[in-house]
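Enquirer: let me see the structure of the following:
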Amino acid sequence: MIPGFIINALTFPGMIAHEAVNELLLKSSGTKVTDSCYFRFSADAAEPNSYIEHELPNKYSTSLLVNIGPLLVNSALALLSALAIKINDDSPAKLVFMWLTLSFAMHAFPSFSEARMLMSKSAKSIKKNILAVLGLILSPLFFVIGILKIFWLDLLYGIMLVDVINTKVVSAFLLSLPSSVVRIFPFTLLILLLAVVIMNREKISRPAIIIFSIAVAAGCFWSI
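Expert: Predicted structure coming up:
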């Protein structure tokens, strides 16, 4: 079995996206965030690769969004990266986008602590908020998914998203677009992702920023 910190180190862009969305949702709901780290290289269990320290959300909807938000955003980013793979099928740039696709997909699902918070909040809110029913359904599912990650379910999820892009419908859609738009899409995606990383550079370790910047530069060069 590959240690979790090694998997996190290899797929850190997905972890950065997951935590960034979490913190954005918490702050937008008025929940106080006391400290956060989107990613750092660490093999010490006492120093997690990422974390967000915050007060418990007052609103149930916030607890639900903290679990669903990163799942939706990371899945969307994985799909966009998979689309860039298809566009760059004959270019080395597809290696960069394959890395991004799997990274985003493998960190899309909630962690055990996030699922535990959702289950607890759902049980307390079941009589007050109808959405708590959804939370009680999703939280055990997230626990099961977390366990199945031992069998690389998160990696299979990424592969599945790539297969979604490799359909005739998507191919027809790309053919319907101007070639200039299709050609510039991968480049634009990389620049936007790099901009997000730079804007949050204080919460990301410097080595991770350097590695990501090199990957983006290589991807942009090969995509041109």
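
Enquirer: quick one, what contacts the residue nearest to the spatial centre of the chain?
Expert: Centroid check for the chain by Cα atoms, centre = their mean gives N74 as the closest residue, at 3.3 Å. Residues in contact with N74 (Cβ atoms under 8 Å, 6 or more residues apart in numbering) are 14, 17-18, 21, 104-105, 107-108. Backbone N, C-alpha and C define where each C-beta goes, glycine included.

Enquirer: mind doing that once more with 7 Å?
Expert: 14, 17-18, 104-105, 107-108 (Cβ atoms under 7 Å, 6 or more residues apart in numbering).

Enquirer: any idea how far it lies from R183?
Expert: Applying Cβ to Cβ, to the nearest Å, the value for N74 to R183 is 26 Å.

Enquirer: just L25 next, same as before
Expert: 34 Å.

Enquirer: more neighbours: which of the two?
Expert: Legend: neighbour count by other Cβ atoms under 10 Å for L25 and R183, higher for L25 (22 against 14).

Enquirer: could you confirm that one falls within a strand?
Expert: No - read with DSSP: H, G, I helix; E, B strand; the rest coil, L25 is helix and lies in no strand.

Enquirer: which residues does it contact?
Expert: 62, 65-66, 69.

Enquirer: next, the residue of the chain positioned farthest from its centre: secondary structure please.
Expert: Of all residues in the chain, K127 has its C-alpha farthest from the mean position, at 32.1 Å, by Cα atoms, centre = their mean. Put simply, K127 is coil when judged by three-state DSSP.

Enquirer: all helices for the chain, in order.
Expert: Applying DSSP state H to the chain gives helices spanning 4-10, 12-28, 60-87, 93-106, 112-125, 131-148, 153-165, 168-176, 179-199, 206-223.

Enquirer: with distance to A43 and mean pLDDT added, can I get the ones you listed in CSV?
Expert: Shown next, in CSV, are the helices of the chain (distance: least, Cβ to Cβ, whole Å; pLDDT from 0 to 100):
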stretch, distance to A43, mean pLDDT
helix 4-10, 5, 95
helix 12-28, 14, 97
helix 60-87, 24, 95
helix 93-106, 18, 97
helix 112-125, 20, 92
helix 131-148, 21, 95
helix 153-165, 20, 96
helix 168-176, 39, 91
helix 179-199, 22, 95
helix 206-223, 14, 96
